[in-house]
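Chemist: got a sequence here, can you build the structure:
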Amino acid sequence: MISCSKDDVQPLLEDGKSTVIYDLAGDTNASMSAGVDGKEKRPFHTFLFRFRDKKQIWIRSGSDSSQYLKTGDWDIAFTGPYNSEIYLNNAENPYNPGYQGPARNTGVVKYDKPYNEVTGAPADSEFEASDIMKIGWSSGDNSSGWFTYSLNSHLAIPLKNRTYVLKLPDGKYAKLELLNVYKGNPPAVTDLYWPAPYLTFRYYVQQDGSRNLDTNKQ
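Modeler: Numbers count the residues shown, from 1 in each chain. You can find the predicted model right below:
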């Protein structure tokens, strides 16, 4: 087994501007299969995440759905197996957790380049033209996904140099890099039972409303 601690990866991820989230626990009590110690076979509960204060909001019941989904109080939702399928809050996509809510004119544009090389948001016309509804499993080079899935090992493998630029519900622009679903953000995983989901990702929100997403140290 290969291990990797937060201290090992921190110098590579911290840039002084971005927010880095390490090992955010998803629905660790759920499992895709039966017979896993301490877990139950069932769908993974969705959780919402708000960039401005790093708030995690769980959706475990119909009451939770009614209270939180159709609001502008969250930015992204972690859904699906191992909370690995991410949606940007959007009122117009019927498959989106925020469908029919107030979050209109949001959008996602994918860049196949390193996070630090993405220094600006595109024109609104590019967000409007984007057909990215969900960021999850990548089926090929043209897919919007952030990881591949091995049918042999049944493990998720994060894709490198894939960055997403977002137009958020509040109209601000942000960039997002999804790094890992496994605890410790290991460079490689060979153990099917490696602790998951523990999400590591980083993001930067331009607070002044401009399209400047440069996070490089000056």
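
Chemist: and stretch 151-168, what's buried?
Modeler: Neighbour counts over stretch 151-168 (16 or more other Cβ atoms under 10 Å) mark 155-156, 158, 162-168 as buried. Every residue, glycine included, has its C-beta placed from N, CA and C.

Chemist: show me where this structure has strands.
Modeler: Secondary structure of the chain (DSSP state E): strands located at 19-25, 30-31, 40-41, 46-50, 55-59, 76-79, 85-88, 107-111, 147-149, 156-158, 163-167, 173-180, 198-205.

Chemist: return the most buried member of the ones you listed.
Modeler: Stretch with highest mean neighbour count among these: strand 76-79 (a mean of 25; mean count of other Cβ atoms under 10 Å).

Chemist: tell me which two of the buried residues of stretch 151-168 sit farthest apart.
Modeler: Greatest spatial distance among these (Cβ to Cβ): 155 and 167, at 32.4 Å.

Chemist: what score does residue 64 have for pLDDT?
Modeler: Residue 64 is assigned 99 on the pLDDT scale.

Chemist: please report how far it lies from residue 98.
Modeler: 14 Å (Cβ to Cβ, to the nearest Å).

Chemist: looking at these two, which is more packed in?
Modeler: residue 98 (27 against 16; other Cβ atoms under 10 Å).

Chemist: I'd say residue 197 and residue 28 touch.
Modeler: Yes: the criterion here is Cβ atoms under 8 Å, and residue 197 meets it with residue 28 at 6.7 Å.

Chemist: those two: who's more crowded?
Modeler: Per other Cβ under 10 Å, whichever of residue 197 and residue 28 has more neighbours is residue 197, with 23 against 16.

Chemist: and the nearest residue to residue 86 once chain neighbours are set aside, what does it touch?
Modeler: Of all residues not flanking residue 86 in the chain, residue 135 sits nearest, at 4.4 Å (Cβ to Cβ, 6 or more residues apart in numbering). By Cβ atoms under 8 Å, 6 or more residues apart in numbering, the residues touching residue 135 are 85-87, 108, 144-146, 164, 178.
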